[in-house]
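> Provided below are the primary sequence and the corresponding predicted coordinates.
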Amino acid sequence: MATHMTNDLIHDIFSGEPNLTTTERAVSVAIGLGMAAAAAQPRPNKFLSLAALVVGVGLALRGATGHCAMKAAAQRL
């Protein structure tokens, strides 16, 4: 059962029907790339840089694919 849930989660994150508007996609890409670029700068706190990089890449991926798993999950409720 855990494997099935994991597969569903992976499917929801990396595939699925686009559910974002063009504006949401553009904003996600712009903010995501900005965060990832800012995270690449040397900083004293490596954890915060890594967290900003992960979030930035996630937002850029969300915008590039046009699919948001969180929005899809919220629409199912």
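Great, that's in hand.

> Now for residue 34: which residues touch it?
Shown in contact with residue 34 (CB atoms under 8 Å, 6 or more residues apart in numbering): residue 56. (Glycine included, C-beta is placed from N, CA and C.)

> Distance check, it against residue 45.
Applying CB to CB, to the nearest Å, the value for residue 34 to residue 45 is 19 Å.

> try residue 19
34 Å.

> which of the two has more neighbours?
Neighbours were counted for residue 19 and for residue 45 using other CB atoms under 10 Å; residue 19 has more, 14 against 9.

> Could I get the phi/psi values of the more buried one?
phi -130, psi 20 (degrees, to the nearest 10).

> Pull out the buried residues from the helix or strand where residue 34 lies.
Residue 34 is part of helix 22-39, with elements assigned from DSSP states H and E. By 16 or more other CB atoms under 10 Å, the buried positions in helix 22-39 come out as 25, 28, 29, 31, 32, 35, 36, 39.
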